[in-house]
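Participant: okay, predicted coordinates and the sequence, questions at the end:
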Amino acid sequence: MSSFYTVTRDDFESWWLGQGMALGAQKRIQSALVTGTLREVPTFHPEVSKIALNNLKNSFDFTLPKIFEKRVAEDGTIKYLFELTDGLKIESVAISFHKKYTICLSTQAGCGMACTFCFTGTQGLKRNLEPHEIIGQYIAVWRDLKVMKNHKVTPNIVFMGQGEPLHNFDHLKTAIEYLCSTPGISLGPRQITISTVGYLPGLMRWEELPPVNLAVSLHSPFEIERSRLIPMNKAYSIEKILEVLSGFSWGRRKVINFEYLLLGDLNDSREHAKELSKLINPFPSLVNIIPFNPYPGSPFKRPSTAVVEQFKAWLVEEKVRAMVRVTKGDEILAACGQLANQFK
């Protein structure tokens, strides 16, 4: 039985017509079931026959990932631990910005990239998430936000949770297309950001996706140093990543977000800033400086606020647009790079 949370608008229309029903009510029914206005298929609806309602109930699986545990940080960040049907656990994070939430979604259980600065990477890759498990995180968190915060507006999405999104490209693509077209959600592509360390087989297929936002994690402008931080760089170097990016058409309103994890006494020098600017200035870009978020046993340290501000100033001197990402939820291990199914 297929999940209802992967049935596209067009597919549901086809199924609806197959029940002998005229088009019209199906959009309202689908929207209500997705958003949780209806928590289950009703036994009676004034616009729908009892036979069609019964067939709807029996044709699809309406199960969402189970919220196994939840923690709320002092800054309002909410971390969700989900248990999947096979017992594996994954995490999502709801982050509040100016009274609007962004949901950080996982695309894999664990991660195979083994980045040395990332707590998730210590788990290894368990498996790719199915489309309904990716979509289900969003729906489950949004429903919970409606109850907790009366947050009825569709939250934005960053695919920046557990896993390398482009390593699970086909399921990611299916999930995004669903989230952008399904009644009740219908996100605009600019409400979605995909963060990648530059997994080249997926990045080369980038233009198959709707025009969502791209965030590329560089973390060092030097190949040898980046390879120590991101072992995948040995196969898919900075040079190769930038070569692929240069082949895409970047419209006037599109920018590449280059993410730069600032590690104390490692990649925070003026030389790093100068070399980074040389790499990215040919692109319409913005650098997100992310001060390192420590986790248990991490081999790196967080730079001081003064060091972070100095690094940003050096980039600005080099004509680079740069901003410092505000750390959210680090005391509950919900910040960037801290997701490893541990709650405290």
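Facilitator: Ah, there it is.

Participant: just the strands in this protein please.
Facilitator: With DSSP state E as the criterion, the chain has strands at 66-72, 78-83, 89-97, 100-104, 108-110, 125-128, 156-159, 192-196, 213-217, 256-262, 285-291, 322-324.

Participant: output those strands in a markdown table, with mean pLDDT, mean neighbour count and distance to Ser249 appended to each entry.
Facilitator: The C-beta positions use only the backbone N, C-alpha and C, and glycine is treated the same way. Shown next, in a markdown table, are the strands of the chain (pLDDT from 0 to 100; neighbours: other CB atoms under 10 Å; distance: least, CB to CB, whole Å):
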| stretch | mean pLDDT | mean neighbour count | distance to Ser249 |
| --- | --- | --- | --- |
| strand 66-72 | 94 | 15 | 41 |
| strand 78-83 | 96 | 21 | 37 |
| strand 89-97 | 93 | 23 | 29 |
| strand 100-104 | 94 | 21 | 27 |
| strand 108-110 | 96 | 23 | 29 |
| strand 125-128 | 96 | 18 | 29 |
| strand 156-159 | 97 | 22 | 22 |
| strand 192-196 | 97 | 21 | 17 |
| strand 213-217 | 97 | 21 | 13 |
| strand 256-262 | 96 | 22 | 12 |
| strand 285-291 | 95 | 20 | 15 |
| strand 322-324 | 96 | 16 | 24 |
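
Participant: for those strands, give me a markdown table that also has distance to Trp314.
Facilitator: Rendered in a markdown table, the data for the strands of the chain read as follows (distance: least, CB to CB, whole Å):
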| stretch | distance to Trp314 |
| --- | --- |
| strand 66-72 | 36 |
| strand 78-83 | 33 |
| strand 89-97 | 26 |
| strand 100-104 | 28 |
| strand 108-110 | 35 |
| strand 125-128 | 36 |
| strand 156-159 | 26 |
| strand 192-196 | 24 |
| strand 213-217 | 20 |
| strand 256-262 | 12 |
| strand 285-291 | 11 |
| strand 322-324 | 9 |
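
Participant: those strands: which one's closest to Thr43?
Facilitator: Closest approach to Thr43 among these is made by strand 66-72 (25.1 Å; CB to CB).

Participant: roughly how far is the closest one from the heart of the chain?
Facilitator: Averaged C-alpha coordinates place strand 66-72 at 18 Å from its chain's average position (CA atoms, centre = their mean, to the nearest Å).

Participant: who does it pair up with?
Facilitator: Using DSSP bridges, strand 66-72 pairs in its sheet with strand 78-83 (antiparallel).

Participant: can you list the low-confidence ranges for the stretch 151-300 of the chain?
Facilitator: Low-confidence segments of the stretch 151-300 of the chain, defined by pLDDT under 70, span residues 252-253.

Participant: one more pass at 90, please.
Facilitator: Judged against pLDDT under 90, the low-scoring parts of the stretch 151-300 of the chain cover residues 151-152, 249-254, 293-299.
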